[in-house]
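Novice: With the sequence up front, the predicted model follows.
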Amino acid sequence: MTTNEDRNIDRQVVSDFGREWQAFDYSSAETEESLDAQFAAYIAPIDLKRYSDSTAVAADFGAGSGRWTARFAPYFRTIYAVEPSDGASEVLRIKFEHEPRVKILQESVGANSIPDRISTYNLESQIHRTV
């Protein structure tokens, strides 16, 4: 578990993305069918059947509006939506208020409270990066 300050983070970029996700939270901008089609293309290389929805744990780093978190949630017992921005974290809290599988962490990739002993499947959202 990492809990110290993440020095490899640009606070202005985080803040700007937070405001963007508040304004464009995908709650009504696109149809569910369109997002489902994007999700299918996004996960094409991943065999989600190999994960157990009763034991597997995943982490969506840079979860933003949670549009992919929501689609991954049925495949995992727990999915950590890790998002450092205030704005996007608020969107996530509202969106997943009644979804016990999703744990919102207003933290970063480099400084988060996901237990080290948990093996996670790391989901890369929006901006592809190496974790």
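Specialist: Right, received. Where do you want to start? Source: prediction; values computed, not measured. Numbering: from 1, shown residues only.

Novice: how many neighbours does Ala37 have?
Specialist: Other residues near Ala37 number 12, with proximity taken as other Cβ atoms under 10 Å. C-beta: built from backbone N, CA, C; applies to glycine.

Novice: Can you name the secondary structure element that comes next after the helix or strand harbouring it?
Specialist: Using DSSP states H and E, Ala37 maps to helix 32-42. For helix 32-42, the following helix or strand on the C-terminal side (DSSP H and E) is strand 57-61.

Novice: just how off-centre is that next one within its chain?
Specialist: 6 Å (Cα atoms, centre = their mean, to the nearest Å).

Novice: Which residues belonging to that strand are considered buried?
Specialist: For strand 57-61, the buried set under the neighbour-count rule, 16 or more other Cβ atoms under 10 Å, comprises Val57, Ala58, Ala59, Asp60, Phe61.

Novice: Surely the first one touches Arg77?
Specialist: Okay, so that is Val57. Yes. The pair Val57 / Arg77 is scored as a contact, 6.2 Å apart, by Cβ atoms under 8 Å.

Novice: Show me what the helix holding Ala37 is packed against.
Specialist: If you count contacts as 3 or more Cβ pairs under 8 Å, 6 or more residues apart in numbering; DSSP states H and E, helix 32-42 packs onto helix 67-72.
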